[in-house]
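Student: I'd like to go over a predicted model; first the sequence, then the structure.
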Amino acid sequence: MAIPTDTLPKQEVKLSKEEIQRYSRHLIMPEVGLEGQLKLKRARVLLIGTGGLGAPLGLYLAAAGVGHLGLVDFDVVDFSNLQRQVTFSTGDVGKHKTEAAKERLSGLNPTIEIETFETRLTSENALELFRDFDIIVDGTDNFPTRFLVNDACVLLGKPNVYGSIFRFEGQATVFGYPGGPCYRCLYPEPPPPGLVPSCAEGGVLGVLPGIVGSIQAMETIKLILGTGEPLVGRLLLFDALAMRFRELKLRRNPACPMCGDHRTITKLIDYEEFCGIRGEEAPPMTDGIPEISAKDLKARQDRGDDVFILDVREPHEYQICNLNGKLIPLGELPRRVNELDSSREMVVHCRSGKRSADAIQFLQKAGFKKLLNLKGGVLAWADEVDPSMPKY
Amino acid sequence: MAVKVLIPTPLRQFTGKQASIECSATTVGEALGSLTGSFAELRKHLYTDEGKIRSFVNVYLNDEDIRFLEKENTRTKDGDTISIVPSIAGGAD
């Protein structure tokens, strides 16, 4: 198989004396050597997302001397990022991620070029952004963008170094390699919104993106060097709790609408529509669900109204902060519904209002009528009523 | 035939937190049927209302995708491992 970067015109690049010293541990390995190091210097790699996966990716690719790195992200650094996004310092909170990452990576290796794109990746800009790069690395956090990255890579014939994580589990592979499968061969369709939680909803152990992002960095460097066996046609699964790596076979699906024998998708589409959502996360299904604001709930409690509060979060979330409600996690609601009194008025809440909306839909079907969803959950309570309450 | 079904993290909440389930089955479909029989809430995450395996859930017998074998009719043998591999998207957030 051809190595993608080998097909590029070879610009005249040399290593300075300082660079030779910097990369000496690469240069003394025959698998890299001077020739490999020059390949790295000529390479142009685009990182989609500078968050959890993007952190080790950016650090290792910059340190390794990838000559041109592009960073795409629209987000700003938040306190809750620091638990895993090791590119950022506490002082970076509030800064644009691309800007903070560029500062850190330039400090690490001032000999490389770093180009930042402070924008959301869209069907309108993806092809133009990707065109100037050899390899695209997908470190995003949502299904629409993953399908978009895949399709743009297949259309342009560029490899897509894929990694994704959830709680304690990670997946990695290389899609879009000549003759290899693409993301749609593995997952022809996205899950319906709400069925698969994001890291923001499900949590993630901070080290996990460090491991999966490092695997992506390794695969990116191997693709550039043309060394070893690329992670093509194999899906690497990592279970951090069991500390076990497994490998599954991935095949190109001849009927794949994107990379199959008869391509039916010939241009980028509306990926949010394809994934059944609008906006970054699925909006809560609030149709027909009566709501109460945090302020109004507080006013009613202050008035002495007898309002029963049902908290449908998990016990470990209840420990962080709570409204003294009865705790029945959403997943246990079906078998514990008999603990609730349907004659009493009930305010149901979770962290942000989504799970409680699901709980209300369930309770409505079970015959409960006096139900109110706490709009915005405990987050809204912290914002509107009690600023001393911690947010998570 | 004793087979082991590996449950991925997102679905363990429906299996009483168990990471793997042993069952007796002669086909992949039978094993999944036995699994969703024991854990009813798992069913809607694996199957559509029409009873087909959801397209974003991949099922592997050992390291082979059953879509490239005989799908749910793929025969199992003693000691086989069935993996459920759902799509996950986290990474940057």
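Tutor: Yes, it's here. Since the model is a prediction, treat every value here as computed from it, not as a measurement.

Student: Residue A:98 touches residue A:50, doesn't it?
Tutor: Yes - Residue A:98 lies in contact with residue A:50 (C-beta atoms under 8 Å); the separation is 6.1 Å. For every residue, glycine as well, the C-beta is placed using N, CA and C.

Student: overlap in contacts of those two?
Tutor: A:71-73 (C-beta atoms under 8 Å, 6 or more residues apart in numbering or on different chains).

Student: ok, so of these, who is nearest chain B?
Tutor: Of all the shared contacts of residue A:98 and residue A:50, residue A:73 has the smallest distance to chain B: 7.2 Å, by C-beta to the nearest C-beta.

Student: what are the ranges of the strands in the chain?
Tutor: Since no chain was named, I'll use chain A. Secondary structure of chain A (DSSP state E): strands located at A:44-48, A:68-72, A:113-117, A:135-138, A:160-166, A:169-175, A:234-239, A:244-249, A:291-292, A:308-311, A:326-327, A:346-349, A:371-374.

Student: meant chain B actually
Tutor: Using DSSP E, strands in chain B cover B:2-6, B:20-24, B:57-61, B:64-65, B:81-86.

Student: if I look at the residue lying closest to residue A:98 once chain neighbours are set aside, how far off is chain B?
Tutor: Sequence neighbours aside, residue A:116 is the residue nearest to residue A:98 in space, at 3.8 Å (criterion: C-beta to C-beta, 6 or more residues apart in numbering or on different chains). Separation of residue A:116 from chain B (C-beta to the nearest C-beta, to the nearest Å): 15 Å.

Student: what pairs with residue A:116 across the strands?
Tutor: residue A:71 (DSSP bridges).

Student: For it, grab the count of nearby residues.
Tutor: 18 (other C-beta atoms under 10 Å in any protein chain shown).

Student: tell me the pLDDT at it?
Tutor: Turning to residue A:116, the model gives it a pLDDT of 98.

Student: picking that back up, settle it for me: which of residue A:98 and residue A:50 has more neighbours?
Tutor: The residue with more neighbours, out of residue A:98 and residue A:50, is residue A:50; 31 against 24, by other C-beta under 10 Å.

Student: and the more buried one, what pLDDT?
Tutor: For residue A:50, the predicted pLDDT is 96.

Student: same question, residue A:287
Tutor: 67.

Student: Would you mind naming what in the stretch 1-150 of chain A lies close to chain B?
Tutor: A:49-54, A:73, A:75, A:138-143, A:146 (C-beta under 8 Å from any C-beta of the partner chain).

Student: Do I have it right that residue A:181 meets residue A:249?
Tutor: No - using C-beta under 8 Å, residue A:181 is not in contact with residue A:249, being 9.7 Å away.

Student: Can I get stretch A:139-157 in CSV, CA atoms only?
Tutor: This file holds the C-alpha atoms of stretch A:139-157, laid out as CSV (Å, rounded to 0.1, in the frame of the first residue of the first chain):
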residue,chain,number,x,y,z
GLY,A,139,-10.3,13.9,18.3
THR,A,140,-13.9,15.3,18.4
ASP,A,141,-16.7,14.6,20.8
ASN,A,142,-19.9,14.1,18.9
PHE,A,143,-21.4,11.9,16.2
PRO,A,144,-22.2,14.6,13.5
THR,A,145,-18.6,15.7,13.5
ARG,A,146,-17.3,12.2,13.3
PHE,A,147,-19.4,11.4,10.2
LEU,A,148,-18.4,14.7,8.7
VAL,A,149,-14.6,14.1,9.3
ASN,A,150,-15.0,10.6,7.8
ASP,A,151,-16.9,11.7,4.7
ALA,A,152,-14.5,14.6,4.0
CYS,A,153,-11.5,12.3,4.4
VAL,A,154,-12.9,9.7,2.0
LEU,A,155,-13.9,12.4,-0.5
LEU,A,156,-10.4,13.8,-0.4
GLY,A,157,-8.6,10.4,-0.1
